[in-house]
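Novice: Fold the following, please.
(one chain, ligands or ions: 1)
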Amino acid sequence: MEANCHCGSVCFEVSRDPVDIFDCNCSICRRLGTLWAYFRPDEVQLVRGSGHTDVYRWGPQHIEFHSCRTCGCTTHWQSTSNPDTARKMGINARLMDALDRSSVRLWQIDMGESGIFWPPASPEPDRSGQK
Ligand SMILES: [Zn+2]
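Specialist: Reported below is the predicted structural model:
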């Protein structure tokens, strides 16, 4: 399974298909609009794009959020400074073209920052208010 940013500069290969995908409503994740798939770092190989990401560090655990320097897509987060969070990393599942949505479970993580979640998707989008 591959995860590619929009321009293709950054590409990950993960050693297993994700089963669980996480929609987190903390102050950073809800702004990024990411859906996270968690992996151990040894399950993830950076195929392209080493050094091609901008890094935003945030949070008490100094988590690094990476985005492609060219197209701006949020690609992943990682932490090297905290032993707990360094055991896993998050890859943005929205970058996985081959992901079979019927085979994954979507979880919403309520971090309590605001309680904001986008509502569950409707079977058919209501476009009646759009031109
Ligand atoms: Zn890119």
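Novice: Hmm, residue 111 is touching residue 23, no?
Specialist: No: contact between residue 111 and residue 23 fails when scored by C-beta atoms under 8 Å: they sit 11.0 Å apart. For the C-beta atoms, the positions are set from N, CA and C on the backbone; glycine is no exception.
Novice: Tell me which of the two has more neighbours.
Specialist: residue 23 (18 against 14; other C-beta atoms under 10 Å).
Novice: Report the mean confidence score over stretch 23-38.
Specialist: Averaging pLDDT along stretch 23-38 yields 91.
Novice: quick one: buried residues of that stretch?
Specialist: Within stretch 23-38, the residues that count as buried by 16 or more other C-beta atoms under 10 Å are 23-26, 28-30, 32, 34-38.
Novice: and of these, the nearest to residue 15?
Specialist: The nearest member of the buried residues of stretch 23-38 to residue 15, counting by C-beta to C-beta, is residue 37 at 12.0 Å.
Novice: Isn't that closest one up against residue 89?
Specialist: No: using C-beta under 8 Å, residue 37 makes no contact with residue 89, being 9.7 Å away.
Novice: pLDDT score for residue 92?
Specialist: 98.
Novice: Common neighbours of residue 111 and residue 23, please.
Specialist: residue 29 (C-beta atoms under 8 Å, 6 or more residues apart in numbering).
Novice: right, and residue 43 touches residue 15 too?
Specialist: Yes: assessed by C-beta under 8 Å, residue 43 is found in contact with residue 15 at 4.6 Å.
Novice: ok, these two, which is more surrounded?
Specialist: More neighbours surround residue 43 than the other of residue 43 and residue 15, with 15 against 11 (other C-beta under 10 Å).
Novice: Show the backbone phi and psi for that one.
Specialist: Backbone torsions for residue 43, taken as degrees, to the nearest 10, come to phi -90, psi 0.
Novice: list the contacts for it?
Specialist: Residue 43 neighbours (C-beta under 8 Å, 6+ apart): 14, 15, 16.
Novice: Run through the residues that contact the second one.
Specialist: Read that as residue 15. 39, 43, 44, 45.
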